[in-house]
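>>> structure, please.
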Amino acid sequence: MGRVGGRLWQIVATSYNASMTQIQFFDDPEQMRSALSPQSREDVRINQIGLHLYADGRRVAVGFDLTPFLERPSLEVVVTNAVGEVAGRLSIIEALQPNFHLTLHLRDQQPASPYTVQVMAYYGQPGAPRQVVDEYTTQFSVPSATDGKDG
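Numbering: from 1, shown residues only. Predicted coordinates:
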C-alpha cells in the first residue's frame, strides 16, 4: 500500500494472470477497507470477467474477479453463439476464492461468432429459488480459418 498525490493505492495480483496487476486508487482509507473486506451476499459483485481464446478456437479461459465474500457464491456461465444456441456452459458451486479461472470448451463444430457470455452470481440450495446477486454480459469472436490469409 502506498500514497500518490494524496490518494491511497494498493497493487492487487489476480490468480487469472499473476504477471499482470491491477492498481486500485481510493480517495479515503474507509473506501479501501470496504473494497478489500469480505462482503455479505447482497453486496457480492462480479467485478470483471477476463476471456482468453486458445489458439485452437475451441476453448476459452474464463477468468473471474469477484468482490471478497463472507458466504461462497455460486456462478452460472452460459455462452451462446450468433444464432442463440448454447455453445458452452459452466456451473461453479460455492466458489472458494474471489479470483480464479476455468477453461470452457465450445461445442460448435464451426465457429459462429460473435459469442455472448452471460455470467450470473447467485446463492441458493438445490430445489430452492436462486437469489441472484449480480449478472455480467460480454462478447468475444473466434477468428475464422481464413482471417489473415490471402485468398
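>>> looks to me like Glu42 is in a helix.
Yes - using DSSP: H, G, I helix; E, B strand; the rest coil, the secondary structure at Glu42 is a helix.
>>> mind listing what the most centrally placed residue in the chain touches?
Nearest to the mean C-alpha position of the chain, by Cα atoms, centre = their mean, lies Ile49 at 2.6 Å. If a contact means Cβ atoms under 8 Å, 6 or more residues apart in numbering, then Ile49 has 62-65, 117, 119, 136, 138 as its contacts. To be clear about C-beta, it is placed using only N, CA and C from the backbone, and glycine gets the same treatment.
>>> contacts only, for the closest residue to Val86 other than its chain neighbours.
Counting by Cβ to Cβ, 6 or more residues apart in numbering, Thr80 is the residue found nearest to Val86 once chain neighbours are left out, at 5.8 Å. Residues in contact with Thr80, defined by Cβ under 8 Å, 6+ apart, are 86-87, 115-116, 118.
>>> okay, those in JSON lines with neighbour count, secondary structure and distance to Ala55 next?
Formatted as JSON lines, the contacts of Thr80 follow (neighbours: other Cβ atoms under 10 Å; DSSP: H, G, I helix; E, B strand; the rest coil; distance: Cβ to Cβ, whole Å):
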{"residue": "Val86", "neighbour count": "11", "secondary structure": "strand", "distance to Ala55": "23"}
{"residue": "Ala87", "neighbour count": "23", "secondary structure": "strand", "distance to Ala55": "18"}
{"residue": "Tyr115", "neighbour count": "22", "secondary structure": "strand", "distance to Ala55": "16"}
{"residue": "Thr116", "neighbour count": "15", "secondary structure": "strand", "distance to Ala55": "22"}
{"residue": "Gln118", "neighbour count": "14", "secondary structure": "strand", "distance to Ala55": "25"}
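>>> and the contacts of Ile49, which are buried?
Among those, the ones that count as buried by 16 or more other Cβ atoms under 10 Å are 62-65, 117, 119, 136.
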